[in-house]
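# okay, predicted coordinates and the sequence, questions at the end:
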Amino acid sequence: MSFLDTRIDHERSKEAAKWLKEEISEQLERYKKIVSDMDAASEKREQWYQEFFDRIQNQGFNMDGDTRVKIPNDDLPVKPDTKHKVVY
């Protein structure tokens, strides 16, 4: 057996298949709720990002002990054009 051949053939009982189907449907429902909540918070998220960028540009962040470093505008990350994605 090689490391690429890791599949073990087995049969699921009807009870296990039923449980798996129910579990998958419950997880999909939870995922859809999380996605809708994340989409609802998109305006707040943009505000949080902007507040964070303002804070690290004006006040800086602690690099070492009391040493604070201000981040120049050129070093801020560029906002992606894609939608915020929920990964699970």
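Cool, got the structure. Residues are numbered from 1 along each chain as shown.

# the nearest residue to Lys79 once chain neighbours are set aside - how many residues pack around it?
Computed as C-beta to C-beta, 6 or more residues apart in numbering, the closest residue to Lys79 that is not its neighbour in sequence is Tyr49, at 7.8 Å. Yep, even glycine has a C-beta here, placed from its N, CA and C like the rest. Using other C-beta atoms under 10 Å, Tyr49 has 13 other residues around it.

# what of Met38?
Applying other C-beta under 10 Å, I find that Met38 has 14 neighbouring residues.

# next helix or strand past the worst-scoring helix or strand of the chain on mean pLDDT?
When the helices and strands of the chain are scored by mean pLDDT, DSSP states H and E, strand 61-64 comes last with a mean of 86. Counting by DSSP states H and E, the next helix or strand C-terminal to strand 61-64 is strand 67-69.

# distance from the chain centre to that next one, please.
29 Å (C-alpha atoms, centre = their mean, to the nearest Å).

# just list what it packs against, helices and strands only.
strand 61-64 (3 or more C-beta pairs under 8 Å, 6 or more residues apart in numbering; DSSP states H and E).

# can you list the weak-confidence ranges in the protein?
Within the chain, the stretches with pLDDT under 70 are 1-2, 88.

# would you map the helices across it?
Listed in chain order, the helices of the chain (DSSP state H) span residues 14-40, 42-58.

# can I get those in CSV including distance to Pro80?
Converted to CSV, these look like this (distance: least, C-beta to C-beta, whole Å):
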stretch, distance to Pro80
helix 14-40, 15
helix 42-58, 11
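
# between the ones you listed, which one is closest to Asp5.
helix 14-40 (23.8 Å; C-beta to C-beta).

# how far does that closest one sit from its chain's centre?
Relative to its parent chain, helix 14-40 has a centroid offset of 17 Å by C-alpha atoms, centre = their mean.

# that helix vs helix 42-58, what angle?
Orientation check (axes from the mean of the first three to the mean of the last three C-alpha atoms, to 10 degrees): helix 14-40 against helix 42-58 gives 60 degrees.

# in helix 14-40, what counts as buried?
For helix 14-40, the neighbour count (16 or more other C-beta atoms under 10 Å) marks no residue as buried.
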